[in-house]
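Colleague: All I have is the shape, not the residue letters:
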């Protein structure tokens, strides 16, 4: 039913980030659509449409996983609900 | 699964039926264009090359020109040459003639300049047009179809909606024994290990990885930071953080099929299935390469919106960004943003695109065709001398 409004989606069961499909305000408790389930998360910062936030704790040096594959390495510890972008993730390629 | 298309003398198929006018060299452009104006159903491919090029680069330009003539969407061909150019008009004519389709040529220096060459060209084109204007569409299966798949002006919706949906369509084409060409080597840096895993054998896996690494090294040699320039500022604003994220999102549009081989830029496909062609990220050069490879239709995902088309092929535009669709409705054929709202699954969106694809194959015009977009650009691999 349409009353469930997803504000973020997770693409693969292995992912540790979700991608916002709507602008989300810091502190909002939002519904995340994952594979065959959905769940709630409180987002810690403003997340714009298309941007990512952590759905699991990611430690500095750990791989950030989206589409089931590594998209980069965390450059600092990242808590659940935190924005994940160029300030805390770097490419694996040198 | 069938559509209605044209069957050519060599058994290849087309979804359009063009008289194609090919200038061999930039000097012949104006004459070629003037001839084409007399025939509303003619396509013409003016370009900036054809002479003063080093051999491998010249060979590539030549290959694209005659392979455009060989494309199943072309019924007959008029070659317009100057007479002294490096590109061989004879080679172009001979190659295209192998398909059995009618080919003729007019040489500007031989005829005596612009006006006379246009006059002679119009007479010859008239005959060539006469040869194809009675052709009618017949029922054809998808096994002779070759689809080129491209993404341009991407944003995060590309990787979340448009590319996965288009990937389903490509899987379906392959299931029906058709073929698909994808490329944009620059956009695959960071995803080469995933592509290698899907290669039919170790040789193809090695070829894929070598093509991608080779490009990355060439870029590094210029002192350019690949990582620093890709994703672009626009991509970053839109939420794409790393080149891997961008490439993984891009690769989805090719679907999940096994990769049967790699192709040089503009090289014609010679067997079936999913193929990786070494094309640049620049959209027009890339789709020009696919069409030279034999693609009779292009499926093109775009997040931010781009109007481009091509002279002899329909280009189907798909977006996952509803704002873009509303703003550029006349340029974009299909909106799959419903995936992001949870109103449509990726499979359903794929079905929607596939149904539209069949209509386009049978003659329905895409937005880019209605608007008269005929972008054409040949990738260069050498300097102009």
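Modeller: Arrived safely, thanks for sending. For clarity, every value in this text was computed on a predicted model and none was experimentally measured.
Colleague: only C-alpha atoms for contact and neighbour calcs from this point on.
Modeller: Noted.
Colleague: Below-threshold pLDDT in chain B: ranges please.
Modeller: Filtered on pLDDT under 70, chain B yields the residue ranges B:1, B:227-228.
Colleague: Partner strands of the longest strand anywhere in it, with direction?
Modeller: Ranked by residue count, the top strand of chain B under DSSP state E comes out as strand B:74-81. Strand B:74-81 has its sheet partners listed here by DSSP bridges as strand B:18-23 (parallel), strand B:103-107 (parallel).
Colleague: count of residues packed around the one residue in the stretch 251-385 of chain B that gets nearest to chain A?
Modeller: Distances between the stretch 251-385 of chain B and chain A by C-alpha to the nearest C-alpha are smallest at residue B:340, namely 6.3 Å. Residue B:340 has 25 neighbours, counted by other C-alpha atoms under 10 Å in any protein chain shown.
Colleague: measure the nearest residue to it once chain neighbours are set aside to residue B:153 for me?
Modeller: Nearest residue to residue B:340, sequence neighbours excluded (C-alpha to C-alpha, 6 or more residues apart in numbering or on different chains): residue A:21, at 6.3 Å. Distance, residue A:21 to residue B:153, by C-alpha to C-alpha, to the nearest Å: 18 Å.
Colleague: ok, these two, which is more surrounded?
Modeller: Between residue A:21 and residue B:153, counted using other C-alpha under 10 Å, the more crowded position is residue A:21 (23 against 14).
Colleague: can you pull the contacts of that one?
Modeller: Counting by C-alpha atoms under 8 Å, 6 or more residues apart in numbering or on different chains, residue A:21 makes contact with A:6, A:7, A:8, A:9, A:49, A:50, B:340, B:341.
Colleague: Kindly recompute the last result at 10 Å.
Modeller: Contacts for residue A:21 were tallied using C-alpha atoms under 10 Å, 6 or more residues apart in numbering or on different chains; they are A:6-9, A:32, A:47-52, B:156-157, B:160, B:337, B:340-341.
Colleague: and what of residue B:10?
Modeller: Counting by C-alpha under 10 Å, 6+ apart, residue B:10 has contacts B:70, B:72, B:98, B:99, B:100, B:101.
Colleague: Is the helix or strand that contains residue B:148 in proximity to chain A?
Modeller: Assigned by DSSP states H and E, residue B:148 belongs to strand B:146-151. No. Judged by C-alpha under 10 Å from any C-alpha of the partner chain, strand B:146-151 stays clear of chain A, getting no closer than 17.1 Å.
Colleague: ends of stretch B:147-160, how far apart?
Modeller: One end of stretch B:147-160 sits 21 Å from the other (C-alpha to C-alpha).
Colleague: where's it relative to the chain centroid, distance-wise?
Modeller: Stretch B:147-160 sits 15 Å away from the centroid of its parent chain (C-alpha atoms, centre = their mean, to the nearest Å).
Colleague: Next: stretch A:87-94.
Modeller: What separates the centre of stretch A:87-94 from the centre of its chain is 16 Å, taken as C-alpha atoms, centre = their mean.
Colleague: Over to stretch A:12-23?
Modeller: Distance, stretch centre to chain centre, for stretch A:12-23: 4 Å (C-alpha atoms, centre = their mean).
Colleague: Identify each buried residue in it, please.
Modeller: Residues of stretch A:12-23 classed as buried: A:12, A:15, A:16, A:17, A:18, A:19, A:20, A:21, A:22 (neighbour count, 16 or more other C-alpha atoms under 10 Å in any protein chain shown).
Colleague: what does stretch B:54-73 give?
Modeller: B:57-58, B:60-73.
Colleague: Which residue ranges of chain A form strands?
Modeller: With DSSP E, the ranges of strands along chain A come out as A:6-9, A:17-20, A:29-34, A:37-42, A:52-54, A:63-66, A:69-74, A:83-84, A:89-90.
Colleague: Kindly report the same for the stretch 151-300 of chain B.
Modeller: Counting by DSSP state E, counting those that start in this stretch, the stretch 151-300 of chain B has strands at residues B:179-182, B:259-263, B:274-277, B:297-301.
Colleague: a markdown table for these, including distance to residue B:216?
Modeller: Output for these, formatted as a markdown table (distance: least, C-alpha to C-alpha, whole Å):
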| stretch | distance to residue B:216 |
| --- | --- |
| strand B:179-182 | 18 |
| strand B:259-263 | 17 |
| strand B:274-277 | 16 |
| strand B:297-301 | 24 |
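Colleague: what's near enough to touch residue 47?
Modeller: In the absence of a named chain, this looks at chain A. So residue A:47 contacts A:19-26, A:53, A:81-84, B:239 (C-alpha under 10 Å, 6+ apart).
Colleague: Sorry, I should have been clearer: chain B.
Modeller: The contact partners of residue B:47, by C-alpha under 10 Å, 6+ apart, come to B:22-29, B:61, B:65, B:376-378.
Colleague: chain center to the helix or strand where residue B:58 lies, what's the gap?
Modeller: Secondary structure from DSSP H and E places residue B:58 in helix B:55-70. Between the centre of helix B:55-70 and the centre of its chain there are 14 Å (C-alpha atoms, centre = their mean).
Colleague: Next, the angle from that helix to strand B:74-81.
Modeller: For helix B:55-70 against strand B:74-81, the angle by axes from the mean of the first three to the mean of the last three C-alpha atoms, to 10 degrees is 140 degrees.
Colleague: list the helices and strands helix B:55-70 packs on?
Modeller: strand B:18-23, strand B:74-81, helix B:89-97, helix B:283-292 (3 or more C-alpha pairs under 10 Å, 6 or more residues apart in numbering or on different chains; DSSP states H and E).
Colleague: mind putting those in JSON lines, mean neighbour count included?
Modeller: Shown next, in JSON lines, are the helices and strands packed on helix B:55-70 (neighbours: other C-alpha atoms under 10 Å in any protein chain shown):
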{"stretch": "strand B:18-23", "mean neighbour count": "28"}
{"stretch": "strand B:74-81", "mean neighbour count": "28"}
{"stretch": "helix B:89-97", "mean neighbour count": "18"}
{"stretch": "helix B:283-292", "mean neighbour count": "28"}
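Colleague: Now tabulate the strands of chain A in a markdown table and tack on mean pLDDT and distance to chain B.
Modeller: Listed next are the strands of chain A as a markdown table, based on pLDDT from 0 to 100; distance: least, C-alpha to the nearest C-alpha, whole Å:
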| stretch | mean pLDDT | distance to chain B |
| --- | --- | --- |
| strand A:6-9 | 87 | 7 |
| strand A:17-20 | 94 | 9 |
| strand A:29-34 | 86 | 9 |
| strand A:37-42 | 88 | 12 |
| strand A:52-54 | 97 | 7 |
| strand A:63-66 | 96 | 7 |
| strand A:69-74 | 94 | 5 |
| strand A:83-84 | 98 | 8 |
| strand A:89-90 | 94 | 7 |
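Colleague: How about the stretch 201-350 of chain B: which residue is closest to chain A?
Modeller: Closest residue of the stretch 201-350 of chain B to chain A, C-alpha to the nearest C-alpha: residue B:239 (4.2 Å).
Colleague: distance of that residue from residue B:179?
Modeller: According to C-alpha to C-alpha, residue B:239 stands 33 Å off from residue B:179.
Colleague: Same question for residue B:359.
Modeller: Here residue B:359 is placed at a distance of 18 Å from residue B:179 (C-alpha to C-alpha).
Colleague: Compare neighbour counts for those two and give me the winner.
Modeller: Each of residue B:359 and residue B:179 has its neighbours counted (other C-alpha under 10 Å); residue B:179 has more, 26 against 14.
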